[in-house]
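Trainee: 3D model of this:
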Amino acid sequence: MADTNNADIKKLPFERAIEELESIVKRLEEGKVPLEESVAIYERGEILKKRCEELLQQAEARVEKITLDASGKPTGTTPLDVD
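Mentor: Sure, this is the predicted structure:
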């Protein structure tokens, strides 16, 4: 079941993933979550963090691929090579 729950993370947009991650951090900081649940949501938080990092790297790569003309004005983009 954990794999199923974690599979949904790969489909989350950045905004939703960061929102859920912030919620997990808040819950853990409050210290009112039972130990076993804390471990489970911490693990999910790690996966959400990786998803956010992945999406940020993709966005950064897209920005870096914007092509400029001789005067520095954007002229378009080049295809993004996502590994």
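
Trainee: The helix or strand encompassing Ala17: how far from the chain's middle?
Mentor: If you go by DSSP states H and E, Ala17 is part of helix 14-30. Helix 14-30 has its C-alpha centroid displaced from the chain centroid by 12 Å (Cα atoms, centre = their mean, to the nearest Å).

Trainee: ok, and for that helix, which residues are buried?
Mentor: Ala17, Ile18, Glu20, Leu21, Ile24, Arg27 (16 or more other Cβ atoms under 10 Å). The way it works is simple: take the backbone N, C-alpha and C, and place the C-beta from them, glycine included.

Trainee: Who are the contact partners of the nearest residue to Glu20 once chain neighbours are set aside?
Mentor: Excluding the flanking residues, the one nearest Glu20 by Cβ to Cβ, 6 or more residues apart in numbering is Leu48, at 5.7 Å. Leu48 is in contact with Ile9, Leu12, Ala17, Ile18, Glu20, Leu21, Ile24, counting by Cβ atoms under 8 Å, 6 or more residues apart in numbering.

Trainee: Worst mean pLDDT across the helices and strands of the chain, which element?
Mentor: helix 2-7 (a mean of 64; mean pLDDT, DSSP states H and E).

Trainee: Grab the most central residue of the protein for me.
Mentor: Cys52 (1.2 Å; Cα atoms, centre = their mean).

Trainee: My understanding was that that residue contacts Glu20; is that so?
Mentor: No: using Cβ atoms under 8 Å, Cys52 is not in contact with Glu20, being 9.8 Å away.

Trainee: Identify the single longest helix in the chain, thanks.
Mentor: The longest helix of the chain (DSSP state H) is helix 35-64.
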